[in-house]
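In: Prediction below, plus the sequence it came from.
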Amino acid sequence: MDTSTTATTTGTITDAALLRLIWLASPALPVGGFSYSEGLEAAVEAGLVHDEASAGEWLAQQLHASLARSDLGVVASAVAAARAQDGERLAALDAWVRQTRETSELRQQTEQMGRSLGEWRKSLDPAASAPPATYPVAYAIAAAPTDASPRQITLSYAFAWSENMMQAAIKSVPLGQSAGQRILARLASEIPAAVDHALALGDDDRQSFTPMLAILSARHETQYSRLFRS
């Protein structure tokens, strides 16, 4: 029996590639994701999220209405561009992410996390090229050298987002660890459909239009008391 590869529903991935994706998705990666709630803290302050059920529903809707329509598609496209060494395409995807962030704190988040991920790559390999990039593009660049498929890489990105947001819900609602794990289980079950939706979108179909989230994020910038940077 060959144990060097693992069969998946999206093809075959080597152990090295699988471990790389787990590493990139780990909350221990020093990119600062733990310090952001992406508007969730403002939703708690407004009373829109107040318990396990409302937190789970909020995050599931954010996954499908926001992430699946924007960042997940960018990740998959950026993987292909990085593998083709298409700098112009990477720059266009990166510009799209910056231009579609609806508040200053959301833009600062993606820029800071992308910069930190690039610095992490250079700390492991000083020769690694790490041009300034937003987080979805930087993540794709970091994962592109593996033999993982774009779908597998995008799945790992979505799970990393879900785990971070679950932890943000635990801290801000607040919730217990068991509640957090149930929310994560729900998000994990919905990630494949969200990723498939994202992969089916062309450049002209991607969008970043979540008015309530934008309003809450803008309010969060001046919120009196807060735990998170977004």
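Out: Arrived safely.
In: Leu187: neighbouring residues, count only.
Out: 22 (other C-beta atoms under 10 Å). In this view, the C-beta of every residue, glycine as well, is placed from N, C-alpha and C.
In: Quick check: chain neighbours aside, which residue is closest to it?
Out: Nearest non-adjacent residue to Leu187, counting by C-beta to C-beta, 6 or more residues apart in numbering: Ser162, 4.0 Å away.
In: Check Pro131 too.
Out: Gly118 (7.5 Å).
In: now the strand or helix carrying the one you found, how far from the chain's geometric center?
Out: Remark: Gly118 resides in helix 104-124, with elements defined by DSSP states H and E. Counting by C-alpha atoms, centre = their mean, to the nearest Å, helix 104-124 is centred 12 Å from the centre of its parent chain.
In: What of stretch 15-28?
Out: Centre to centre, stretch against its chain (C-alpha atoms, centre = their mean), the figure for stretch 15-28 is 14 Å.
In: which of the residues in that stretch are buried?
Out: By neighbour count on 16 or more other C-beta atoms under 10 Å, the buried set for stretch 15-28 is 17-18, 20-21, 24-25.
In: For the residues you listed, work out which two are farthest apart.
Out: Ala17 and Ala25 (12.7 Å; C-beta to C-beta).
In: residues touching Ala80, list them.
Out: Pro150 (C-beta atoms under 8 Å, 6 or more residues apart in numbering).
In: Let's verify the spatially most central residue of the chain: helix, strand, or coil?
Out: Among the residues of the chain, the one closest to the centroid is Trp161, at 4.1 Å (C-alpha atoms, centre = their mean). Secondary structure for Trp161, judged by DSSP: H, G, I helix; E, B strand; the rest coil, is helix.
In: There's contact between it and Leu67 in this structure, I believe.
Out: Yes: if you go by C-beta atoms under 8 Å, Trp161 and Leu67 touch, sitting 6.3 Å apart.
In: Backbone dihedrals for His14, both of them.
Out: I think there's a mix-up here, since residue 14 is Thr and not His. Torsion angles at Thr14 (phi, psi; degrees, to the nearest 10) stand at phi -70, psi 160.
In: Since that was my last question, I'll sign off now.
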